[in-house]
Every structure is written in structure tokens, then in C-alpha cells.
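S.K.: Just a sequence and a predicted model for now, questions to come.
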Amino acid sequence: MSLPDHLDVLDTTGLIRLAQLEPEVEYLFRHMMVQDAAYESLLKQDRRKLHRAVAAVLEESYPERIDALAAVLAHHYALAEDHTRACLLYRRAGDAAFTQFANREAANHYQAALAFADDADSETLRHLYTRRGRTLELLIAYPEAAETYVQMEQVGQMRGDASLRLQAMMAYALIHCTPSTVFDVDRGLAAAENALLLAREIGDRAAEARTLWITSMGHYLDGDSLRGIDLANQALEIARELDLTELTVFIYSDLINMYASNLQIEESMEAANQAIPLWRSIGNWPMLAFALNARTTWDLIKGNFAQAQTATQESTELTAAIDNGEGLGFATAQLAEAVGMQGHVGEAIRIGIDGIARSEELGSSHTSAMGRVKLALLYSHIGACEQARKMIDDLVEQTAENHLLPVQILMKMVLFTARATLLCGSTEGVKAILKMFEQSAGQPAGNDSISFFFTGFMLAAMKAASGDHASALDLLEQHHARIIETGASGYLPEENLARSRLLRELGRDDEAYDVLIEARDVAASTGARLIQWRILSELADLEAVQGNDDQAAHYQRKARGIVQFIADGLGDPQLRAGFLAQPEVRALIRGGSAA
């Protein structure tokens, strides 16, 4: 009997059924128990031969689809007891899944490959262990990743393979020296120190550079940013000398944050500028998004709103495409700020709301919290204080549940929440955030120069709210000096507006006028329409008080034009009506119309 005849008999008896005719004829067992019984009836030797034959036919028939079929082929070779081929093909299946960001699938394939890797060479073992560990890290399964690296070091020890041990020690040190669920600086630095000694002992300069980089991050996160910067630059020198592109760009990316923590804005921006084209050339989209977001942080602080908008639009598209919730939440929060500061508040609010929803769907809480802060500020700028307070209340509740929120993020939250509550005439939200900051940071806000940069405006607002205008002004003068020193022009217009009002309260109108002129010029050069109209309105009032009616009218016309621009872009009739109903806006448009 021919094969088709045998199949017809099996079909007639109800053991199998025809599944499809095209593109190829395919039959299926009608029940798994029938399949199992048929399989178990085969002799082991026959099973091995059949599995090997199936694998060989698949490889010969579909040479262009080996990556897609790698897991199936590996399974057949494993059952054929060809461990070498099984290991090779499970590795190939893992690599194919890894490049598609199918991390759980990749981790499983690498684990399967390791089960058949007894006779594998060092390069294969290094690849399998480090790739499995990395996929587990991407899955936030850090304890499993740490265990993978421990097993890798033990295998290296048994084999007498110093290079394999070194790779394991570095990977173990890295996840303990960087923010993760197994973050432990002491353990990480101890592992890094041992790795550095071994790297120098065997003369592996590439590993020496990588270990210096890991150690730099440990010291930075332990609070010693200057030591971190020094070690990172040592690592960078070796990495560039050896043309280690990937390590070089990782070091630049970490220098962004290290310089930033020391408020070395220009150095931080330069590190970002170096990192962005390198990540783009490598094709590492999550890290490209990180570098773009980091660069955008400084663009916003410096008032480069249009440039920030372009970068965050790219980052938003990248992070959305790869389901990176943390990057997406941060990118959309910054995009909302960049768009909103230029006066497109309606569009900015839509971006912010969508960003919070999408980042939370992807499991990110840190960056959705920042999105709420930015939305609170946008709402308060247009007089939608009920919506702003809702965002702040949600933020306080969310952050209280998340005790691991980084201090740097908390400081930015304090700054933006202060600005929002100041515009809405309330300090209750500031008090709640301030208490949360103190509990998380272990120190009062503004207790050092770094936190004062982010919280000084808030501290002055608290003083002003209590009626102590002189102390509030003193704080703002100190904060103004810090802004000028760091080049943070994006904060200057709003702060100068607050300074001018305090100066007027103290009867110092001439000084208030000079401060407002500086604010006017910076707001115009940065395109900050959202604050520009308030500055122009305040200048109009001062000019009127001094009897300069023509100049007052000029400033009023310009301010009304910006108010009209903002109102037209709000879209939501309720938000538009609320914006135009603000006392400051109504006073401005009295005698003209923005409706």
C-alpha cells in the first residue's frame, strides 16, 4: 500500500483527520491520547531516527525559514539525542525571539539550550547565560537573572574558565549596582571590585572598562556622583581606545544622569548628544528613547521648547512601538509640557491624558506620576483648578503607594506641583507633596543645593502664601542666582513674574519693572506663550501706574492676542470658558474681546 492508502485507512477508522490540502496536505490525530499511544509504541531507536529525519527534511525543505523553525528543529534534535544541534538551534531560536523583543520566549529558549550545553565552548556558554540573564532583566525578573549569573560563575569555576567567571561577575554586579528589585549597592560594588581585580589579572581591558563603568554607577547611586563621574570617564577612555561602541554609548548615557545630578547641565547635554546618534546607529530603540528623553529634560529646563517637542515626538513613537511603558510615560509627560508651554494647551492636555493611560496599561507608575504633575500644571495655568487638584490628589495617593519613587523624580514633582498650586491659590497640595518628599528623601526639601534647585520656587511660594514677602523674595533671589548659574532659562520667566509681584508688594516698582523686562525677553525668545501673556499683562499694569498709557495699551494688545491664541486651541468649551473667566484674564480683556 502507498502512503496515501495508509492515510485513507487511518482516516476511515477515525484515528486521524484531514486538516488542510493547501499549501500542503496536513493530517492531525483526532485525539492526543491516540497520538501518545502511537508515539509510545515506537522503539526508542526508531523514535530517534524519525525525529532526526523530520528535522533534516524541514531544514532541507525550508532553508529560508530556519530562524522561524529553529525551536521546532531544536525539539526534534533534542528527542533525537543530538545535543549539539539541539543547543545550536535553541540558541538560534532564542536570538530570533530576542531581536523581536519576545523576551519570555527568548528566555525559555536559552534555558532549553543550556540543558544541552554540556559540551559547548566558552563563547556559546557566555552567550546563552548572558542573553538569558538579560531577557529576564527586561522581564523585571531580577532574582531569576541574578541566579542565572550565579550559575554561570559556578560553571566557569568548575571549568577553570576565568573569562566565563569574569562575565558572570560583571553581570551580577551590574544588576545590583543599578535600580532593580535586587538593588544592593554594597553587594554590587563588592562583586565589581572582584571583577576588576580579575580583569586586570588576566589582562582583559574591555572587561576592565566595563567593570569601571559598573562601579561608577554604584558610587553614583550611593550618593557620590563625583566619584561616579571620575570612574565613568576612566571607563570611557578605555572604551573609546578599544572602539567598544556599545559600552561607549552606555557610559555616555549614564554620564547624562551623573552630570545632571551635579547640575552640570552643559556636560549632561553633551553626553546626550554623543549617545543619541550612537544608539540610533546600533538600533537600540529603548536606549535611544532614554537618551532623547534625557536630552529633552534639559531642553525644557533651558527653555528650548520647540526642540524638546521634536525630540519627544520621536521618543513617544519609539516607546509606543516597543511597548516601553516607562519611556512612553516620560516622553508623553515631557511632550505635553513642551507643547503646552508654547500655548497649545488643549493639545497638550490630550497628549498628557493619553500618555498616562497608555503608560499605566504597560505597568509604569513612575512616569505616569510625572504625567499627572505636568497635567496639574497645565490645568492650573488655564484656571481649571478642580481638574488640577484631582491630578494632585491622584498623584499623592499613587506616590504614597509607591515607596521606591526616586528622589530626583520627587524633587521635580515638588517643583511642578508648587507652580500648579500657586496658580490656583492653594498650598495644600504642596504640603502633601512636601511631606511625601521628606519621608522618601529622609531630609527636608531644599536642604542641599540640588534639591533647592528643584524646590526653591515652592519654598518661596509657601513663604509668600503666609504673608512673609521679604523672606519669600530672599529665597527667590537665591533661586534666581542658581537658575542663572545653571542656564535654566525655561524657569526664569515664571520665577521673575513671581519676583516682580513680591517686589511690588514691598513697594519696589522700579526693580519689579526691570525683572519683568528680563522675563518678557526670555519668554519671547523661548516661545513660552503660556506665561508670556501674564508677564505682558503685569507690564501693562506697571506702565499704566507710571502713566505710560501708550506703552500699557501696547502690552495689553500683545497679551490679549496670546490669550486669544490659547483660548482658540483649548477645544473643550468648559475649559475655554473657565480660562476666559479667570479674574486676571477678564481684567485684561475688559475693553477688548477674546471670546
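M.R.: Sure, I can see it.

S.K.: list the helices and strands the host helix or strand of residue 497 packs on?
M.R.: Using DSSP states H and E, residue 497 falls within helix 492-505. Helix 492-505 makes packing contacts with helix 449-465, helix 469-486, helix 509-526, helix 529-545 when contacts are defined by 3 or more C-beta pairs under 8 Å, 6 or more residues apart in numbering; DSSP states H and E. In this view, the C-beta of every residue, glycine as well, is placed from N, C-alpha and C.

S.K.: Figure out which of those is closest to residue 243.
M.R.: helix 469-486 (34.1 Å; C-beta to C-beta).

S.K.: mind listing what's buried in that closest one?
M.R.: Along helix 469-486, the positions that meet the burial threshold by neighbour count (16 or more other C-beta atoms under 10 Å) are 469, 471-473, 475-476, 479-480, 482-483, 486.

S.K.: Any chance of JSON lines for the residues you listed, columns pLDDT?
M.R.: Conversion of the buried residues of helix 469-486 to JSON lines gives the following (pLDDT from 0 to 100):
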{"residue": "469", "pLDDT": "91"}
{"residue": "471", "pLDDT": "93"}
{"residue": "472", "pLDDT": "90"}
{"residue": "473", "pLDDT": "93"}
{"residue": "475", "pLDDT": "89"}
{"residue": "476", "pLDDT": "89"}
{"residue": "479", "pLDDT": "87"}
{"residue": "480", "pLDDT": "89"}
{"residue": "482", "pLDDT": "85"}
{"residue": "483", "pLDDT": "86"}
{"residue": "486", "pLDDT": "83"}
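
S.K.: what angle do the helix holding residue 497 and helix 529-545 make?
M.R.: An angle of 30 degrees separates the directions of helix 492-505 and helix 529-545 when computed by axes from the mean of the first three to the mean of the last three C-alpha atoms, to 10 degrees.

S.K.: now what about helix 492-505, what contacts it?
M.R.: The contact list for helix 492-505, computed with C-beta atoms under 8 Å, 6 or more residues apart in numbering, reads 303, 419, 422, 457, 460-461, 464, 469, 472-473, 476-477, 479-480, 483-484, 509, 511-513, 515-516, 518-520, 522-523, 526, 528, 531-532, 534-535, 538, 542.

S.K.: Just list the residues touching the residue nearest to residue 527 when sequence neighbours are not counted, thanks.
M.R.: Leaving aside its chain neighbours, residue 527 sits nearest to residue 342 (5.1 Å; criterion: C-beta to C-beta, 6 or more residues apart in numbering). By C-beta under 8 Å, 6+ apart, residue 342 lies in contact with 305-306, 309, 527-530.

S.K.: Relative to residue 278, which of these is nearest.
M.R.: Distances from residue 278 to the contacts of residue 342, taken by C-beta to C-beta, are shortest for residue 309, at 23.1 Å.

S.K.: dump the residue contacts of the closest one.
M.R.: By C-beta under 8 Å, 6+ apart, the contact set of residue 309 is 335, 338-339, 342.

S.K.: and with 10 Å instead?
M.R.: Residues touching residue 309, when contacts are defined by C-beta atoms under 10 Å, 6 or more residues apart in numbering, comprise 296, 299-300, 334-335, 337-339, 341-342, 344, 348, 527.

S.K.: For residue 346, see how far away residue 578 is.
M.R.: Using C-beta to C-beta, to the nearest Å, residue 578 is found at 12 Å from residue 346.

S.K.: Dump the helices and strands packed on helix 492-505 to a markdown table, plus distance to residue 154.
M.R.: As requested, those are arranged in a markdown table below (distance: least, C-beta to C-beta, whole Å):
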| stretch | distance to residue 154 |
| --- | --- |
| helix 449-465 | 42 |
| helix 469-486 | 49 |
| helix 509-526 | 57 |
| helix 529-545 | 59 |
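
S.K.: And those, which one averages the lowest pLDDT?
M.R.: Ranked by mean pLDDT, the helices and strands packed on helix 492-505 end with helix 449-465 at the bottom, a mean of 73.

S.K.: which residues touch the helix or strand containing residue 4?
M.R.: With secondary structure defined by DSSP H and E, residue 4 is part of helix 3-12. The set of residues that contact helix 3-12 without belonging to it, under C-beta under 10 Å, 6+ apart, is 1-2, 15-18, 25, 27, 29-30, 34, 38.

S.K.: who are the neighbours in contact with residue 346?
M.R.: With contact taken as C-beta under 10 Å, 6+ apart, residue 346 is in contact with 339-340, 378, 382, 566-572, 575-576, 579.

S.K.: Apply 7 Å and report the result again.
M.R.: 569-572 (C-beta atoms under 7 Å, 6 or more residues apart in numbering).

S.K.: go on, residue 568?
M.R.: Remark: with contacts taken as C-beta under 7 Å, 6+ apart, residue 568 is in contact with nothing.

S.K.: low-confidence ranges in the stretch 251-400 of the chain?
M.R.: For the stretch 251-400 of the chain, applying pLDDT under 70 flags the ranges 365-367, 396, 398-400.

S.K.: what about the nearest residue to residue 571 once chain neighbours are set aside, distance to residue 542?
M.R.: Distance criterion C-beta to C-beta, 6+ apart; nearest residue to residue 571, sequence neighbours excluded, is residue 346 at 4.2 Å. For residue 346, the distance to residue 542 (C-beta to C-beta) stands at 31 Å.

S.K.: ditto for residue 230
M.R.: Relative to residue 542, residue 230 is positioned 50 Å away (criterion: C-beta to C-beta).

S.K.: Next: residue 387.
M.R.: Where residue 542 is concerned, residue 387 sits at a distance of 32 Å (C-beta to C-beta).

S.K.: Check residue 356 too.
M.R.: Separation of residue 356 from residue 542 (C-beta to C-beta) stands at 39 Å.

S.K.: Repeat that for residue 97.
M.R.: Between residue 97 and residue 542 the distance is 65 Å, computed by C-beta to C-beta.

S.K.: Residue 183 too?
M.R.: Using C-beta to C-beta, one gets 53 Å for the distance from residue 183 to residue 542.

S.K.: so where do the strands sit in the stretch 301-450 of the chain?
M.R.: Counting by DSSP state E, counting those that start in this stretch, the stretch 301-450 of the chain has no strands to list.

S.K.: Just the helices from it, written as ranges.
M.R.: With DSSP state H, counting those that start in this stretch as the criterion, the stretch 301-450 of the chain has helices at 305-321, 325-341, 345-361, 366-381, 385-401, 407-423, 428-441, 449-465.
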